[in-house]
Every structure is written in C-alpha cells, then in structure tokens.
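> Next input, structure requested:
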Amino acid sequence: MERQLNVRAHHLLCIPRFYSGGYDKKFAENMKNICSAIRKNPRAKVKLLIGKLDCLCKKCPYGHNGKCTQPGGMGKWVVLQDKKVAKYFKLKPNSIHAVRDVFNLSMDRANDKTIKSVCKGCVFLDDCTYVGINNSFRNDLNRKSNLVVYT
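Sure thing, here's the model as predicted:
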C-alpha cells in the first residue's frame, strides 16, 4: 500500500463491510486488494476526500476524468454521501488520519441504524446491512502486533 491512501469519506463505511458481491469484477478485485493492504498496514495514513475519486474509484466503471459519471444523478448523490459521512464523523476534507483510527471510528460509531439513514438510496444498502462489519477486518486493524507501544 502506498504511504498515504486517498479515501472518499463514504468509503469509510463501505470498506469494513465489503463482501465482494454485486460489484463490477475489476472494481471488486481492486477493493479486495485495498482492504487487504489496509489490514496489513493499519499504521498507514488516510487522506479523506470529498467528491474526488479515490483509490477504489480507480477501477469503477463509472470513474472518468476524475469524476463519477453514474447515470441518474448518482455521481452527485455520492458527493453528498461523502459530505454526510464526513459531517457525521466530524472529519474535515483532506484531513489525514491513521488507517486504524479512522476505520475504528467508522466501525464504532456507525451501526445499522446509522448506515440505513446515512446511506439511504445506495444500491448496496441491503447487502451491506445484512453482511455488517467484517470482524476479521476489525481484528486485523487492532491486532496487538500492529499496535505501537510507547514506553
């Protein structure tokens, strides 16, 4: 994983709940690789993006020229999702965080009720709430061997 991962705010909710179903094949493979890289390096840094394509969008079939081109106004909807999630977690655009910290915040503060409210209208909402948080993702981020101990 690169030293700093650029992640759209709404993907803070998606990544811990990733299940690989229903996605474009290239997008799913990329997301799987990003999730794996995050698990292996929870001390890496994340830059929070609002309305800009991120590491996951690179392989999305709707990502073109730096913008989301999903039909039916979904590109604009996704930008609003970024803003909602950033506001909910009180995170500023372009702020930089440790992977472990920002994803733990996401997993600890966003339950199914939050997801249903914040993500209303997402095509993956039902699957996402059904699958829930991937506990092995949480465990990998917080494995003692990954923690920094100051003495």
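
> pretty sure Ile50 is in contact with Asp82, am I right?
Yes - using CB atoms under 8 Å, Ile50 is in contact with Asp82, at 4.5 Å. C-beta coordinates here come from the backbone N, C-alpha and C atoms, glycine included.

> what sits in contact with each of the two?
Residues touching both Ile50 and Asp82 by CB atoms under 8 Å, 6 or more residues apart in numbering: 8-9.

> Those two: which has the busier surroundings?
Asp82 (22 against 19; other CB atoms under 10 Å).

> is it true that that one touches Asp54?
No - counting by CB under 8 Å, Asp82 does not reach Asp54; the two are 9.5 Å apart.

> Show me the common contact partners of those two, please.
Common neighbours of Asp82 and Asp54, counting by CB under 8 Å, 6+ apart, are Arg8.

> for this structure, what spans make up the helices?
Using DSSP state H, the helices of the chain run over 11-14, 25-40, 74-89, 99-109, 112-118, 125-131, 135-141.

> can I get the CA coordinates of the fifth one in CSV?
So that's helix 112-118. The C-alpha trace of helix 112-118 is given here as CSV (Å, rounded to 0.1, in the frame of the first residue of the first chain):
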residue,chain,number,x,y,z
ASP,A,112,-27.0,-0.5,11.1
LYS,A,113,-29.4,2.3,12.0
THR,A,114,-26.8,4.9,11.1
ILE,A,115,-26.0,3.1,7.9
LYS,A,116,-29.7,2.9,6.9
SER,A,117,-30.0,6.7,7.5
VAL,A,118,-26.7,7.9,6.0
